[in-house]
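Undergrad: Sequence and predicted model, in that order:
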Amino acid sequence: MMPSYGNLKLWVNSQTGLFLLCAITVAVLGVVYNLTDESLPAHQPSLATHSELIASNPTGSRVVPTLRFVVAVSRHGKRGPSFTYPKSPYRHNDTKIWPFGVGELTQKGRMQMFNLGKKIRSLYNGFLGQIYRPGEFKGLSTPMGRTLQSAELFLAGLFPPTGFQMWNKDLQWQPIPVFPNFLDRNDMVPPSGPNFCPKYREVQKKPMKEYLEEYKSELDKLVEYALPYTGFNTDDLKSQKMGGILRVYILFVLWESFIYPQGDGLPLPDWSKKIFPEPLTFLIKKAFLATSIGTDLQIRYLEGEMFKEMVEHMRAKEKNTSSERMFYYSGHDHTIVGLQAILG
């Protein structure tokens, strides 16, 4: 008998969320933990100290006798912007500000993911062995730099090397494979994105049309106010008739230009105070939901295949045909929101 997914509970922070499906006999729980300790402390305990802490506390707080299987899904750690408006003081390709590259993890993001791995270890230690074994644990990631790095950092916190795993006395880290996850379809969400899916684009039209009609006045006011400060060529924009999709694009450019510098403690230009955090945050949230999970078919296309795989893992565990105890997926905000939408 499979779990009743209608009884699942889910708490999601789409910016820094961790989504867990824990198969406890035939029950399923959904839990979210915020990524912790974003700051860079003056003294960071070594992995050896982390190993000693694990050994001194062998049973995690979430471990119960009936726990059989855990699926963990996280968004990548904090990153730099993928694009910015031309006059932004923190251009996305400025390596002095974003030394790790466009849209890649920041130092805070790296620390987030390492500490998240430590957090999950503290919750499931004892259920999950201290020694990494391929038959018990599997880590997967979408094929993007920031998610792959997030998975590697998560695993470094989850499986600090100990004993025979210490293959290099000068390097307190062990290699653990991260497998590609091609079932997470987050890359087809952007209306102007390169991974065009005709079926997804078709079902995306209705919620996008409704969004543009409902918030036309707010969008017009925000874009018209912001444009003179951005450095965008307004003649080029007018030649494209400033269609609704173009306005949404400008909305997301402004969001990327503000939210990521702010997250790194950088001061924003004075003119931004009139539109950020509000009403920009509200309009972005509504646009995000419309473009990603505005209809049931969008939800199915976005994360349906990935969720189906999770359920198959649970069924295999229920039938005792699988030795795995935990699966970990490194993904995106669309990943978390898509799974939330499936569970209702």
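TA: Structure received.
Undergrad: so where's the stretch 101-250 of the chain shaky on pLDDT?
TA: Counting by pLDDT under 70, the stretch 101-250 of the chain contains low-confidence residues at 191-194, 235-243.
Undergrad: Show me what the strand ranked longest in the chain is packed up against.
TA: Of all the elements of type strand in the chain, the one with the most residues (DSSP state E) is strand 67-75. With contacts defined as 3 or more CB pairs under 8 Å, 6 or more residues apart in numbering; DSSP states H and E, the packing partners of strand 67-75 are strand 18-24, helix 107-124, helix 296-318, strand 326-331, helix 333-343. (Glycine included, C-beta is placed from N, CA and C.)
Undergrad: Export the ones you listed to a markdown table and append columns for distance to V70 and mean neighbour count.
TA: A markdown table is the format used below for the helices and strands packed on strand 67-75 (distance: least, CB to CB, whole Å; neighbours: other CB atoms under 10 Å):
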| stretch | distance to V70 | mean neighbour count |
| --- | --- | --- |
| strand 18-24 | 5 | 22 |
| helix 107-124 | 6 | 22 |
| helix 296-318 | 10 | 18 |
| strand 326-331 | 5 | 24 |
| helix 333-343 | 15 | 23 |
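Undergrad: Would you format these as CSV with distance to K221 included?
TA: Formatted as CSV, the helices and strands packed on strand 67-75 follow (distance: least, CB to CB, whole Å):
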stretch, distance to K221
strand 18-24, 36
helix 107-124, 33
helix 296-318, 28
strand 326-331, 34
helix 333-343, 26
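Undergrad: For P279, find the nearest of these.
TA: Between P279 and the helices and strands packed on strand 67-75, the shortest separation by CB to CB is 20.1 Å, and it involves helix 333-343.
Undergrad: What helices and strands are in contact with that closest one?
TA: Looks like helix 333-343 contacts strand 18-24, strand 67-75, helix 280-293, helix 296-318 (3+ CB pairs under 8 Å, 6+ apart).
Undergrad: give me that answer again for 10 Å
TA: Secondary-structure packing of helix 333-343 (3 or more CB pairs under 10 Å, 6 or more residues apart in numbering; DSSP states H and E): strand 18-24, strand 27-32, strand 67-75, helix 280-293, helix 296-318, strand 326-331.
Undergrad: circling back to that earlier point, relative to I259, which of the helices and strands packed on strand 67-75 is closest?
TA: For I259, the closest of these is helix 333-343, at 11.6 Å, according to CB to CB.
Undergrad: any idea how far the closest one is from the chain center?
TA: A distance of 10 Å separates the centroid of the chain from that of helix 333-343, by CA atoms, centre = their mean, to the nearest Å.
Undergrad: tell me the angle the longest strand of the chain makes with helix 333-343.
TA: Counting by axes from the mean of the first three to the mean of the last three CA atoms, to 10 degrees, strand 67-75 points 130 degrees away from the direction of helix 333-343.
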